[in-house]
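Novice: Fold the stuff below for me.
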Amino acid sequence: MPKLIILRGNSGSGKSTVAKKLQKILGQNTMIISQDEIRRNMLNVNDGKDTPALPLMKELLIYGSKHSEVVILEGIMNADWYKPLFELCVQLYGKDLYAYYFDLPFEETLKRHMTRAKCQEFGEESMRRWWREKDYSEILNEIPITSEKDLDSIVKDICNSVLNKT
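Specialist: Presented below is the predicted three-dimensional model:
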């Protein structure tokens, strides 16, 4: 049965870094669906309600459920705007869905952002504009990831949950 890991949270919180490390550990046939990659790089569209990225993300999620052992869906994914995607996640993966929300203070996300290669693309002003405090989904049963956990602990905890489920 395929498994789905969802990593959500504000910009700069560490979602992409965790997703890439998970993919490396989980190995072949682990698919990453990155909201930024699809929306910004593939389609070059804005985010928002009814974003054109949503149908493609749904199609990739369906593809992953049929062809991948593990799918990692990562991005900011505003809880209201992406509700149809989350409903599809529950429908496709059921009990094999592991959802995490990076619940970090703004200052921590800004600090993390400044260590990234793309810190020159946007800064504090944009991050404040995009900021959504505790944007938990009403569809997903998200486990909070707080600033007390480092990258290795986050990855280890997620791997333990996903790989040790009986």
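Novice: buried sites along the lowest-mean-pLDDT helix or strand in the chain?
Specialist: The weakest-scoring helix or strand in the chain, judged by mean pLDDT, DSSP states H and E, is helix 106-113 (a mean of 77). In terms of neighbour count (16 or more other CB atoms under 10 Å), helix 106-113 has its buried residues at 108-110, 112-113. Any C-beta I mention is one placed from the backbone N, CA and C, and that applies to glycine too.
Novice: contacts for that helix?
Specialist: Helix 106-113 has contacts (CB atoms under 8 Å, 6 or more residues apart in numbering) with 9-14, 104, 119, 124, 127-128, 131, 147.
Novice: Give the next helix or strand downstream of that helix.
Specialist: For helix 106-113, the following helix or strand on the C-terminal side (DSSP states H and E) is helix 124-130.
Novice: Looking at the chain, which helix is longest?
Specialist: helix 53-67 (DSSP state H).
Novice: now the helix or strand just after it: how far from the chain's centre is it?
Specialist: Remark: after helix 53-67, the chain's next helix or strand is strand 70-75, criterion DSSP H and E. Taking CA atoms, centre = their mean, to the nearest Å, one finds strand 70-75 lying 6 Å from the centre of the chain it belongs to.
Novice: Just checking: what are the partner strands of strand 70-75?
Specialist: strand 3-9 (parallel), strand 30-34 (parallel) (DSSP bridges).
Novice: what sits up against the shortest one?
Specialist: This points to strand 30-34. 16, 19-20, 22-23, 57, 60-61, 63-64, 67-75.
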